[in-house]
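Visitor: Structure of the sequence below:
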Amino acid sequence: METGIVKLTPELMAFIGGGGVDALAPFSREIYLLEIIVAGTTYCAQMPEIEPLLLTGTVLKMIRQPKNEHDELAIGIYYNGVRVGWVPMEHNEVISRLMDAGKAFFCRIDSTYRKGKWVKICALIFMVE
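Guide: Numbers count the residues shown, from 1 in each chain. Have a look, this model is predicted:
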């Protein structure tokens, strides 16, 4: 009886390559959208501890915050579970609506520098397709 399930044999694994079953994941690509200055970094209490870890190329997670009292389209930007700031309001409307529709986004740090108490994080926003 044909089940449609293919057994993983050594030959098939050699064909797939070193990625194993993970190599069968759907193709995805990163689509660069825009560059932002992360808003609200001065409100991050953990910034003094994590600032040295915010290196160029570091990936930051973006999480929708629809219950934010100041902006219903808010998108938080996180490093290892710590919110370092927000997508600026002037850039968040389209991205938040796409996130609400199930699209995935992330930031990658382009540069950082300190100006007084303010840590300026320049980040590139990407959509995953």
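
Visitor: Please identify the helix or strand for the residue nearest to residue 47 when sequence neighbours are not counted.
Guide: Excluding its sequence neighbours, the residue lying closest to residue 47 (C-beta to C-beta, 6 or more residues apart in numbering) is residue 119, at 5.7 Å. Any C-beta I mention is one placed from the backbone N, CA and C, and that applies to glycine too. Using DSSP states H and E, residue 119 maps to strand 118-128.

Visitor: likewise residue 107?
Guide: Using DSSP H and E, residue 107 falls in strand 104-115.

Visitor: can you list contacts of that strand?
Guide: Contact with strand 104-115 is made by 33, 35-36, 38, 51, 54-62, 75, 77, 95, 98-99, 119-128, as judged by C-beta atoms under 8 Å, 6 or more residues apart in numbering.

Visitor: Strands of this protein, residue ranges please.
Guide: 30-37, 59-64, 75-79, 82-86, 104-115, 118-128 (DSSP state E).

Visitor: Serialize these to CSV and add fields for mean pLDDT, mean neighbour count and distance to residue 45.
Guide: Output for these, formatted as CSV (pLDDT from 0 to 100; neighbours: other C-beta atoms under 10 Å; distance: least, C-beta to C-beta, whole Å):
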stretch, mean pLDDT, mean neighbour count, distance to residue 45
strand 30-37, 96, 14, 20
strand 59-64, 97, 17, 17
strand 75-79, 97, 21, 13
strand 82-86, 97, 21, 9
strand 104-115, 95, 15, 16
strand 118-128, 96, 18, 12
